[in-house]
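S.K.: Could you look at this predicted model? Sequence included:
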Amino acid sequence: MSATRVVLDSFALLAFLRGEAGAERVAALLERAGLRDAPLHMSEVNYAEVKYIVIRKDGAERWREIAGELPALPIEFHPATRALADVAADFKARHKLSLADAFAAALARERKAELVTGDPEFKALDTEIKIGWLK
């Protein structure tokens, strides 16, 4: 899996941040991306999902800690452009998945990247984008 062509969804980043199943694989991807100076990619919509989940489950103080650490991670955050929104809307219209997941899939398609996730909602898209499953 090429570190220059990896999109993380919120499931993957949350697994890493919270030490959940799949955290080791995400850590290895981040380490490789840092060594190659080739960041991983994430939609700002998925960033928002990570933020609200951490605040809800772990509290605002934990989010402040994470927010201070995020800039050091080799992740490039991408805005929700109109073109990205159009692809996300198409995915959302045709499949049962959250809007945030649709943006992750759209970014993977746009970047011609592998989407790293453990979220079963993406099974519906396995013929449309490359998915790297966290185990």
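M.R.: Cool, got the structure. Residues are numbered from 1 along each chain as shown.

S.K.: From here on, just use CA atoms for contacts and neighbour counts.
M.R.: Noted.

S.K.: and for the helix or strand hosting residue 52, what are the contacting residues?
M.R.: Using DSSP states H and E, residue 52 sits in helix 44-58. For helix 44-58, the surrounding residues in contact (C-alpha atoms under 8 Å, 6 or more residues apart in numbering) are 9-10, 13-14, 60-63, 77-80, 100-101, 103-104.

S.K.: ok, now stretch 25-35?
M.R.: Contacts for stretch 25-35 (C-alpha under 8 Å, 6+ apart): 3-4, 12-13, 15-16, 39-40, 73-75, 134.

S.K.: what about it, distance to the chain center?
M.R.: 14 Å (C-alpha atoms, centre = their mean, to the nearest Å).

S.K.: Show me where the chain has its helices.
M.R.: With DSSP state H as the criterion, the chain has helices at 10-18, 23-36, 44-58, 60-69, 82-94, 99-111.

S.K.: could you check the angle helix 82-94 makes with the last one?
M.R.: What that stands for is helix 99-111. Inter-element angle recorded for helix 99-111 and helix 82-94: 120 degrees (by axes from the mean of the first three to the mean of the last three C-alpha atoms, to 10 degrees).

S.K.: Check which residues of helix 99-111 are buried.
M.R.: Under the neighbour-count criterion of 16 or more other C-alpha atoms under 10 Å, helix 99-111 has 99-109 buried.

S.K.: Residues in contact with that helix: which ones?
M.R.: If you take C-alpha under 8 Å, 6+ apart as the criterion, helix 99-111 is touched by 5-9, 42-43, 45-46, 49, 80, 84-85, 87-89, 91-92, 114-115, 122, 129-130.

S.K.: give the contact list for the spatially most distant residue from the centre of the chain.
M.R.: What lies farthest from the middle of the chain is residue 61; by C-alpha atoms, centre = their mean that is 22.3 Å. Residues in contact with residue 61 (C-alpha under 8 Å, 6+ apart) are residue 55.

S.K.: where's it relative to residue 51, distance?
M.R.: To residue 51, residue 61 is 12 Å away according to C-alpha to C-alpha, to the nearest Å.

S.K.: Let's see the pLDDT reported for the closest residue to residue 78 other than its chain neighbours.
M.R.: Closest residue to residue 78 apart from its sequence neighbours, by C-alpha to C-alpha, 6 or more residues apart in numbering: residue 43 at 4.8 Å. Predicted confidence (pLDDT) at residue 43: the value is 98.
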